[in-house]
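K.L.:
below are the sequence and a predicted model for it; my questions follow.
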Protein chains: 2
Amino acid sequence: MREVAALAGVSLKTVSRVINAEPAVSETVRSRVVGAIQRLDYRHNHAASSLRRSDRKSSTIGVLLEDVANPFSSALHREIEDVALQRGVLVLAGSSDEDQAREQQLIAAFTSRRVDGLIIVPASHDHSYLLSERRAGTSMVFVDRPPAFLDADSILTDNQAGVRQGIAHLIAHNHRRIGYLGDLMTITTAAERCQGYEQELASAGIALDPQLVRLNVHGIDKADAATVELLGLREPPTALFTSQNLLTIGASRALHRLDLHHRTALVGFDDVLLADLLDPGITVIAQDPSTMGRKAAEQLFRRIDGDQSPSVHLVVPTRLITRGSGEIRQ
Amino acid sequence: MREVAALAGVSLKTVSRVINAEPAVSETVRSRVVGAIQRLDYRHNHAASSLRRSDRKSSTIGVLLEDVANPFSSALHREIEDVALQRGVLVLAGSSDEDQAREQQLIAAFTSRRVDGLIIVPASHDHSYLLSERRAGTSMVFVDRPPAFLDADSILTDNQAGVRQGIAHLIAHNHRRIGYLGDLMTITTAAERCQGYEQELASAGIALDPQLVRLNVHGIDKADAATVELLGLREPPTALFTSQNLLTIGASRALHRLDLHHRTALVGFDDVLLADLLDPGITVIAQDPSTMGRKAAEQLFRRIDGDQSPSVHLVVPTRLITRGSGEIRQ
DNA sequence: TTATAAGTTGATAACGTTGTCAATTTCGGT
DNA sequence: ACCGAAATTGACAACGTTATCAACTTATAA
């Protein structure tokens, strides 16, 4: 910048003014500075700038996801990116892999880079480590899972209601032995979904058979194996509810291999690409990650812009999409 | 940091030394400083630090993808993140949406934040705008598509060979009328794949019927519509080759709806989740985005660490995965 | 005991930028 | 030609940190 100023024959401050498009600069000088910038191909240092500026904004936000490669996470991510880019804000993304240590490591890395805000799909269950960060003025919005020991905005899915709708759907098709595949119980949503399962069975007056419930099943392969186990029981379930997208895929894979996909009903939580083309198509309780991402980003920027109102807790509804697998009658 | 120094009764520099784990600091003082840091919950300012440090590293890289929500892109992204995080490097991710302007906007935003390096899946065809950035010392690696008017490392898929293998596979199953769905011809890989199609037909002595070739088909819905058109021809194709993952999904959707999925052969480029469970399973030419991402990130960090050797151009092979749809005989 | 080396610590400047405020130039009205 | 106001420009300090180098303390050897 010093060189640009010298070449244009002006002061540092004037170059700064041109770069920041401040009004008080004559057209003559402006074009001279612009020329110098191009000749020297000067590159503005955003970090130095935000260090000195009074707003102290980095125009960067941090997004902590479960796994950037998971379809649900990446749909969230994309929507957040679009809202952010409209404001010239960049997105630092990271995957927690449901690991609390990795979550904290990533968040610490985000905050030491002075992100203006955080969008968090938390893996941990105590976010008091973020209190000082909040006090320091970093805005944050939780998505998919609520904050614990911390008051912050959240955008959640109505997990219990969603699962109950799915289970009710199976019950309406005469199923009484409904197997359940649950993700790691450390994941808040997994616990909530499991409760939904129990509640809906209870309200239908169906006794819960613990044999039919497999919890802490994580990832496609584990789901595949658990499904094989369930269907190998002396009294196997006539229907399955899989409570996460990868579990749905794993269960579906097992059902197909066992050639039971036309006999065992299946409803999954969270939609999956291509689910409509399978035979039968997979009936799902669809979440709406795009809406969640957009709402989360919009709320975050409202906070960044200074909104101090009490925490907002938004619940995004789910939607039952019937495609065949959930309509197999007992 | 000033406050920490005051509370611990030491100088700024000593606090800095503790934070950077420099050896020359006594255990007494160190623990006093650590205590002060915790009491004041001091947060290190990475931006200010890298501004002053001699290595001038931001420990951040920029990754430009086609769309963070596309499975191929997000698999790349995830692998890059893992390599980066091992080194304490964070990833700024962005989606170009095949839009040159958006690509340049994002890259400019990355570089003004002084990323240490860039991993680029380019949408544009002239990367000379990056020359000055290179000169300024930013490392860069191109993935999936080569740089143009710029000498830089690249990690590519052998598109032509992959497509030729797929087309040869269809020809081996007696197909002569093979429809082709190509993505936007502005995308380098789309053009290469199309050439592979033409070459393999030529080398098998099959005349190319322009009616069977639909180019510039982008996204699931367009692919669906194009497939319907192709199969509505007076002499429809007996097999289809779809040259991108979303196109494969769109075509598959159309085939199922038309109930032609057991009669019309289909081979797709790039693998798709659940493709194994369809009936028939979708035969694909699989790329290996994880390997590409890992190699790209490793090469980038080699450059960041000072490797000045001539540009490396790595080609990652494809793999034919037969699942049924490509083995339908004519 | 002293000289010397090794280990600690701190004062100051600097990184690239912008906020503050004062200085200078330009312009409209007399 | 001159005044005052408005527009333009610049000098300097500061943002939070680390590099440099000098000063101090302690340990070691003669």
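P.N.:
Perfect, thanks for sending it.

K.L.:
quick check, pLDDT for the residue lying closest to A:N45 once chain neighbours are set aside.
P.N.:
Leaving aside its sequence neighbours, A:N45 sits nearest to B:R114 (C-beta to C-beta, 6 or more residues apart in numbering or on different chains; 6.4 Å). Yep, even glycine has a C-beta here, placed from its N, CA and C like the rest. The pLDDT attached to B:R114 in the predicted structure is 94.

K.L.:
now do the same contact list for B:R114.
P.N.:
By C-beta atoms under 8 Å, 6 or more residues apart in numbering or on different chains, the contact set of B:R114 is A:45-47, B:50, B:56, B:58, B:60.

K.L.:
residues near A:D259, how many?
P.N.:
Per other C-beta atoms under 10 Å in any protein chain shown, the neighbour tally for A:D259 reads 8.

K.L.:
the residue nearest to A:F149 when sequence neighbours are not counted: neighbouring residues, count only.
P.N.:
Leaving aside its sequence neighbours, A:F149 sits nearest to A:S128 (C-beta to C-beta, 6+ apart; 4.3 Å). A:S128 is flanked by 11 other residues according to other C-beta under 10 Å.

K.L.:
measure the closest residue to DNA strand C within the stretch 101-250 of chain A to A:G94 for me?
P.N.:
Distances between the stretch 101-250 of chain A and DNA strand C by C-beta to the nearest atom of the strand are smallest at A:R114, namely 13.2 Å. Per C-beta to C-beta, to the nearest Å, A:R114 is found 16 Å from A:G94.

K.L.:
and the residue positioned nearest the centre of chain A, what is it in contact with?
P.N.:
Taking C-alpha atoms, centre = their mean, the centroid of chain A lies closest to A:S73, which sits 4.5 Å from it. Applying C-beta under 8 Å, 6+ apart, we find A:S73 in contact with A:65-67, A:95, A:121, A:289.

K.L.:
any idea how far A:I80 is from it?
P.N.:
Counting by C-beta to C-beta - A:S73 and A:I80 are separated by 10 Å.

K.L.:
show me which residues of the stretch 1-150 of chain A sit near DNA strand D.
P.N.:
Within the stretch 1-150 of chain A, the positions lying close to DNA strand D (C-beta under 7 Å from any atom of the strand) are A:9-14, A:17, A:23-26, A:28-30, A:48, A:51-52.

K.L.:
surely A:Y42 touches A:E3?
P.N.:
Yes: in this structure, A:Y42 is within contact of A:E3 by C-beta atoms under 8 Å, at 7.5 Å.

K.L.:
between these two, which has more neighbouring residues?
P.N.:
In this view A:Y42 and A:E3 are compared by other C-beta under 10 Å, and A:Y42 has more residues nearby, 18 against 13.

K.L.:
next, that one: secondary structure please.
P.N.:
coil (DSSP: H, G, I helix; E, B strand; the rest coil).

K.L.:
give me the residue from the stretch 51-200 of chain A nearest DNA strand C.
P.N.:
A:R52 (3.4 Å).

K.L.:
what is the burial count for that residue?
P.N.:
8.

K.L.:
what's the pLDDT at it?
P.N.:
pLDDT at A:R52 comes out at 93.

K.L.:
got it, and the one 10 residues further on?
P.N.:
In the predicted model, A:G62 carries a pLDDT score of 98.

K.L.:
and the residue nearest to it when sequence neighbours are not counted, what element?
P.N.:
Excluding the flanking residues, the one nearest A:G62 by C-beta to C-beta, 6+ apart is A:F110, at 3.2 Å. In this structure, A:F110 sits in helix A:100-112 according to DSSP states H and E.

K.L.:
pLDDT weak spots in the stretch 1-150 of chain A?
P.N.:
Nowhere does the stretch 1-150 of chain A drop to pLDDT under 70.

K.L.:
what's the domain layout of chain A?
P.N.:
A:2-44, A:60-157+A:289-317, A:159-287+A:320-327 (automatic domain parsing).

K.L.:
and the longest one, does that touch chain B?
P.N.:
Yes: Domain A:159-287+A:320-327 lies in contact with chain B when judged by C-beta under 8 Å from any C-beta of the partner chain; the contacting residues are A:249, A:252-253, A:256, A:272-279.

K.L.:
pull out the buried members of the residues you listed.
P.N.:
A:249, A:252-253, A:256, A:272-278 (16 or more other C-beta atoms under 10 Å in any protein chain shown).
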